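Asks: pasting the structure only:
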Ligand SMILES: Nc1ncnc2c1ncn2[C@@H]1O[C@H](COP(=O)(O)OP(=O)(O)OP(=O)(O)O)[C@@H](O)[C@H]1O
Ligand SMILES: [Mg+2]
């Protein structure tokens, strides 16, 4: 596991953009971190790095949002999940998220992934974000 310190929300966004560069499709990022840790900031960076053109917002009230990825060889969609309001994995299963998790043309990022642990496939990439100060975060990945 690697660690970086991000000193600003731009730094966390940039970390997300850099993560996107090496993706082939089918990756699942399981984000763990408190309220305001920067999970959505990282998601926006990842989406930007993938080439998502539309605005990425927190999916808290929708639970799942699907974005088109333009001009990528293998990846067609970015799937942004927020499990905060879910109580269990079956809740999310009911939404049909499994189809996205298994799709090699999709990159998925799940906020509050600890809430749906039983549903996370083995190869999911865990990213932990911790508050250090107002503007700095420790990111383990
Ligand atoms: N180094 C940093 N990295 C990320 N965000 C930062 C950083 N420093 C300050 N912030 C601020 O912290 C907030 C992070 O909000 P964000 O919505 O990304 O958190 P979240 O983890 O998605 O929270 P939630 O659990 O409510 O979804 C933003 O207001 C952002 O500007
Ligand atoms: Mg969020």
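Replies: Good, I have the coordinates. If you're wondering where the values come from, they're calculated on a predicted model, not measured in any experiment. Residues are numbered from 1 along each chain as shown. Ligands and ions are numbered 1, 2, ... in the order given.
Asks: mind listing what's buried in stretch 101-116?
Replies: 101, 103, 106, 107, 108, 109, 110, 111, 112, 113, 115, 116 (16 or more other C-beta atoms under 10 Å). Where you see a C-beta, it was placed from the backbone N, CA and C, and this is true even at glycine.
Asks: ok, the last one touching residue 95?
Replies: No - with contact defined as C-beta atoms under 8 Å, residue 116 and residue 95 do not form a contacting pair (10.6 Å).
Asks: sorry, back to before: of the buried residues of stretch 101-116, just say which sits nearest to ligand 1.
Replies: For these, the minimum distance to ligand 1 (C-beta to the nearest ligand atom) is 5.4 Å, reached by residue 111.
Asks: Tell me the bridge partners for that closest one.
Replies: residue 31, residue 82 (DSSP bridges).
Asks: that older thread, relative to ligand 2, which of the buried residues of stretch 101-116 is nearest.
Replies: The closest of the buried residues of stretch 101-116 to ligand 2 turns out to be residue 111 (C-beta to the ion; 4.9 Å).
Asks: for the closest one, what are its contacts?
Replies: Listed by C-beta atoms under 8 Å, 6 or more residues apart in numbering, the contact partners of residue 111 are 31, 39, 40, 43, 58, 59, 80, 81, 82, 83, 84.
Asks: neighbours around the residue of the chain found nearest ligand 2, how many?
Replies: Across the chain, the shortest distance to ligand 2 (C-beta to the ion) belongs to residue 40, at 3.4 Å. Neighbours of residue 40 under the rule other C-beta atoms under 10 Å: 21.
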